[in-house]
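Novice: here is my input; please provide its structure:
(one chain, ligands or ions: 2)
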Amino acid sequence: MGSSMSCCGTEKVEEVPTSFGAVNNSWRIFSYKELHAATNGFSEDNKLGEGGFGSVYWGRTSDGFQIAVKKLKAINSKAEMEFAVEVEVLGRVRHKNLLGLRGYCAGDDQRLIVYDYMPNLSLLSHLHGQFSLEVQLDWKRRIKIAIGSAQGIFYLHHEATPHIIHRDIKASNVLLNSDFEPLVADFGFAKLIPDGVSHMTTRVKGTLGYLAPEYAMWGKVSESCDVFSFGILLLELVTGRKPIEKLPGGVKRTITQWAEPFITKGKFRDMVDPKLRGNFDENQVIQTINVAALCVQSEAEKRPNMKQVVNLLKGYEADREVTRTRIHSIVYNDELLTQDEPSDDEGGGTNSYGVLNAIQVQKMHDPYKPSDIK
Ligand SMILES: Nc1ncnc2c1ncn2[C@@H]1O[C@H](COP(=O)(O)OP(=O)(O)O)[C@@H](O)[C@H]1O
Ligand SMILES: [Mg+2]
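Specialist: Ligands and ions are numbered 1, 2, ... in the order given. Sure, this is the predicted structure:
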């Protein structure tokens with residue numbers, strides 16, 4: 001999977017990938033002692049954030065390299081599986097827009113994954129978190145983040161063998177390096193897709209607000225689930241709004257419900273994040289929103305694939321009729337929304353939407369399955 005000769009102690013570790021696909025992919029095994037020392041004993045001060053499966057800590061190796069260490073909370077079969085999937089998938093991916101593996105530690109009762117530290121943290125922290133007031137994300141950076149993350153997902157879907165579905169595309173899983181180049185992270189939920197398989201049915205994992213309807217309701221997973229989540233991410237990036245907002249009175253509204261009337265009336269300017277103070281390229285805004293609208297269509301087969309998404313975002317397919325796309329908003333059923341209470345697991349208090357880990361939604365009728373029709 002990698003070379004145990006190269007490690008965090010070499011000059012190469014902090015090297016920023018320079019060209020498409022040219023990434024330093026070397027990793028090694030770390031000792032628990034080494035990671036304990038690097039993170040000041042996993043101290044609270046070093047904590048970068050918390051997810052469903054554990055906490056992430058900033059650290060510095062003895063030779064001065066900055067790392068991010070994900071420490072699994074508990075070792076149970078679910079966590080073991082996530083750890084194994086993440087290490088397995090990370091070892092296979094090589095792309096400048098995917099956060100690769102720097103190493104891991106698997107002791108008797110510890111599971112830790114080591115990554116390069118991303119100094120600009122996650123897209124979430126810029127849109128809705130600790131950096132949101134600084135408005136470092138100007139329009140140019142947002143476009144770069146949109147195209148870069150699309151390229152990372154394109155690689156997973158079309159270039160990696162076997163193909164990989166990420167299943168948890170969201171703002172906190174898009175990390176930003178010192179140049180604000182995006183790196184898609186977190187492969188713990190990823191699915192490797194055997195050749196010739198178009199979709200699979202699985203337990204639902206991921207984050208409500210980003211979940212494609214056919215996946216949230218019937219566990220139907222295919223590349224187009226990631227396309228849907230990416231569409232939500234695009235809307236979030238342009239508008240600065242959260243995927244699910246809690247309105248006064250407790251009613252929850254999805255970003256597609258909010259966006260639909262604006263898109264229908266062609267009021268694209270009014271959708272743009274007010275933090276940009278009108279500084280954006282209007283044609284790019286229209287193109288990006290239209291791509292998002294294509295991605296979040298409720299019928300999976302109508303969504304573009306990631307190759308088309310990348311090309312549309314880069315403007316190569318500018319002639320394609322995208323302006324007339326109508327969003328038919330996704331309205332999650334009440335049962336799902338009740339489970340979507342903000343969770344302490346997400347840390348920082350910056351999220352207003354929770355994580356649905358491995359919920360199973362079986363009660364609803366699946367229109368894809370003729371045998372279900374009674
Ligand atoms: N390599 C990294 N560099 C910097 N920050 C990171 C890195 N990996 C994760 N983080 C931060 O840690 C937080 C928690 O990560 P994670 O456990 O993946 O949970 P989630 O993605 O659900 O927030 C992320 O939101 C991100 O801000
Ligand atoms: Mg994450």
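
Novice: show me where the stretch 151-300 of the chain has helices.
Specialist: Applying DSSP state H, counting those that start in this stretch to the stretch 151-300 of the chain gives helices spanning 213-218, 223-239, 255-264, 282-295.

Novice: what's the shortest one packed up against?
Specialist: Just to be clear, that refers to helix 213-218. On a contact count with 3 or more CB pairs under 8 Å, 6 or more residues apart in numbering; DSSP states H and E, helix 213-218 meets strand 204-206, helix 223-239. To be clear about C-beta, it is placed using only N, CA and C from the backbone, and glycine gets the same treatment.

Novice: which positions in it come out as buried?
Specialist: Judged by neighbour count using 16 or more other CB atoms under 10 Å, the buried positions of helix 213-218 are 213-218.

Novice: same deal with stretch 110-124?
Specialist: 111-118, 120-124.

Novice: what's the answer for stretch 309-320, then?
Specialist: Buried residues in stretch 309-320 (16+ other CB under 10 Å): 309-313, 317.

Novice: run through who's touching it.
Specialist: With CB atoms under 8 Å, 6 or more residues apart in numbering as the test, stretch 309-320 has contacts from 143, 146-147, 150-151, 154, 227, 230, 287-288, 290-291, 294-295, 304, 308, 322.

Novice: correct me, but residue 145 touches residue 137?
Specialist: Yes - using CB atoms under 8 Å, residue 145 is in contact with residue 137, at 7.5 Å.

Novice: would you mind listing what in this structure touches ligand 1?
Specialist: Proximity of the chain to ligand 1 (CB under 6 Å from any ligand atom) is limited to residues 48-51, 56, 68, 70, 99, 115, 117-118, 121-122, 124-125, 172-173, 175, 185-186, 346.

Novice: filter those residues down to just the ones in strands.
Specialist: Among the residues of the chain next to ligand 1, the members found in strands (DSSP state E) are 48-51, 56, 68, 70, 115, 175.

Novice: mind picking the lowest-pLDDT entry from those?
Specialist: Across those, the member with the lowest pLDDT is residue 51, scoring 82.

Novice: how near is it to residue 302?
Specialist: Using CB to CB, to the nearest Å, we find residue 51 at a distance of 32 Å from residue 302.

Novice: what of residue 159?
Specialist: Counting by CB to CB, the gap from residue 159 to residue 302 is 24 Å.

Novice: doesn't residue 83 fall inside a strand?
Specialist: No - Residue 83 sits outside any strand when classified using DSSP: H, G, I helix; E, B strand; the rest coil, being helix.

Novice: show me what contacts it?
Specialist: 72, 104, 106, 111, 113, 188 are the contacts of residue 83 under CB under 8 Å, 6+ apart.

Novice: for stretch 272-289, buried residues please.
Specialist: 272-273, 276, 280, 284-289.

Novice: returning to that earlier point: pick the most deeply packed of the helices of the stretch 151-300 of the chain.
Specialist: Ranked by mean neighbour count, the helices of the stretch 151-300 of the chain are led by helix 223-239 with a mean of 26 (mean count of other CB atoms under 10 Å).

Novice: for that one, the distance to its chain's centre please.
Specialist: Computed by CA atoms, centre = their mean, to the nearest Å, the chain-centroid distance of helix 223-239 equals 9 Å.

Novice: so which elements touch it?
Specialist: For helix 223-239, the contact count by 3+ CB pairs under 8 Å, 6+ apart identifies helix 123-127, helix 139-154, strand 163-165, helix 213-218, helix 255-264, helix 282-295, helix 306-314 as packing neighbours.

Novice: I'd like these laid out as CSV, including distance to residue 195.
Specialist: Converted to CSV, those look like this (distance: least, CB to CB, whole Å):
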stretch, distance to residue 195
helix 123-127, 32
helix 139-154, 18
strand 163-165, 8
helix 213-218, 21
helix 255-264, 33
helix 282-295, 25
helix 306-314, 18
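
Novice: closest to ligand 2 out of these?
Specialist: Closest approach to ligand 2 among the helices and strands packed on helix 223-239 (CB to the ion): helix 123-127, 8.9 Å.

Novice: I'd like to know how far residue 288 sits from residue 247.
Specialist: Distance from residue 288 to residue 247, by CB to CB: 25 Å.

Novice: re earlier: so what sits against both of residue 145 and residue 137?
Specialist: Shared contacts of residue 145 and residue 137 (CB under 8 Å, 6+ apart): residue 180.

Novice: is stretch 126-139 up against ligand 2 anywhere?
Specialist: No - between stretch 126-139 and ligand 2, judged by CB under 5 Å from the ion, nothing touches; the nearest distance is 12.9 Å.

Novice: quick check: residue 101 touching residue 116?
Specialist: No - in terms of CB under 8 Å, residue 101 does not count as a neighbour of residue 116; the distance is 9.5 Å.

Novice: measure residue 40 to residue 57 for me?
Specialist: On the measure of CB to CB, residue 40 and residue 57 end up 8 Å apart.
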